[in-house]
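Participant: whatever this is, show me its structure:
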Amino acid sequence: MISRVFDFMKKSKSSIQLNNTSFLDLLPSSSSTKPKALNDVFINHRGSDTKRNIATLLYDNLNARNLRPFLDIKNMKPGDKLFDHINRAILTSKVAVTVFSPNYCDSYFCLHELALIMESKKRIIPIFFDINPSQLDVMIEKVTCSDNEIQRFRWALQEAKDTVGLTFDSCKGNLSEVVTIASDVIVERLVELEANDEDV
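Facilitator: I've put the predicted structure just below:
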């Protein structure tokens, strides 16, 4: 399965870049014509590290608060086009949560999502899950990515590292507590965005 996804990525690299461009072209030049928000929160994460714990718990907590979170495993169905669906979800979300974890920077998909979040100027809430911000760096081999993509990913990581986030150490911390705190922060950011929209 992993090798099939990797082969798909290599074959689709040129179309991925085209998809990025076309989606970014959809972004309005003025804030008065923003695309309609279909999701309140986009959850960017490394599935192998976080899907069975913080990502799903955060999704469930936000859903219980009557918010509209987007998590790939919960919102995507068989037959959905991966990049088109993810890109659209990012661009039509109000805020993004990025859960950085030990294997996050090994994933083309995670870094692609992060770069699109940053390029579309979404309000981002980083959660550093068993990793320090200083440990984040692009770990993808140049064989799988162009120099431009690696530069784009490094820029996005630096933007995220320069943003105040939450930290969690699974050896010491309470997962339920960090999920509740993250959900409270997300609600605060959504309220701020709504207030700013009303002022415009």
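Participant: how much space between T167 and N66?
Facilitator: Counting by C-beta to C-beta, to the nearest Å, the separation of T167 from N66 is 28 Å. Where you see a C-beta, it was placed from the backbone N, CA and C, and this is true even at glycine.
Participant: more neighbours, the two?
Facilitator: Legend: neighbour count by other C-beta atoms under 10 Å for T167 and N66, higher for T167 (15 against 7).
Participant: where does the residue nearest to S176 when sequence neighbours are not counted fall, phi/psi-wise?
Facilitator: Counting by C-beta to C-beta, 6 or more residues apart in numbering, L57 is the residue found nearest to S176 once chain neighbours are left out, at 7.5 Å. For L57, the backbone dihedrals (degrees, to the nearest 10) come out as phi -60, psi -40.
Participant: need the contact list for the closest residue to R154 other than its chain neighbours.
Facilitator: Ranked by C-beta to C-beta, 6+ apart and with sequence neighbours excluded, the top spatial neighbour of R154 is V138, at 5.5 Å. Each residue near V138 by C-beta atoms under 8 Å, 6 or more residues apart in numbering is listed here: C105, L111, I150, F153, R154, L157.
Participant: now neighbour count too, for these, in CSV please.
Facilitator: Below are the contacts of V138 laid out as CSV (neighbours: other C-beta atoms under 10 Å):
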residue, neighbour count
C105, 21
L111, 24
I150, 16
F153, 23
R154, 16
L157, 22
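Participant: wait, which of the residues you listed is closest to A37?
Facilitator: L111 (23.9 Å; C-beta to C-beta).
Participant: for that closest one, give me the pLDDT.
Facilitator: Looking at L111, its pLDDT is 95.
Participant: can you check I16 too?
Facilitator: Here, the pLDDT recorded for I16 equals 37.
Participant: and what of Y59?
Facilitator: Confidence for Y59, expressed as pLDDT, is 96.
Participant: the one 4 residues further on now?
Facilitator: Here, the pLDDT recorded for N63 equals 96.
Participant: for the one helix or strand it maps to, list the C-alpha coordinates in CSV.
Facilitator: Using DSSP states H and E, N63 sits within helix 56-64. Only the C-alpha atoms of helix 56-64 are listed here, as CSV (Å, rounded to 0.1, in the frame of the first residue of the first chain):
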residue,chain,number,x,y,z
THR,A,56,-9.1,11.7,16.4
LEU,A,57,-9.6,12.9,20.0
LEU,A,58,-9.4,16.5,18.8
TYR,A,59,-11.8,15.9,15.9
ASP,A,60,-14.3,14.3,18.3
ASN,A,61,-14.0,17.1,20.9
LEU,A,62,-14.5,19.8,18.2
ASN,A,63,-17.4,17.9,16.7
ALA,A,64,-19.0,17.6,20.2
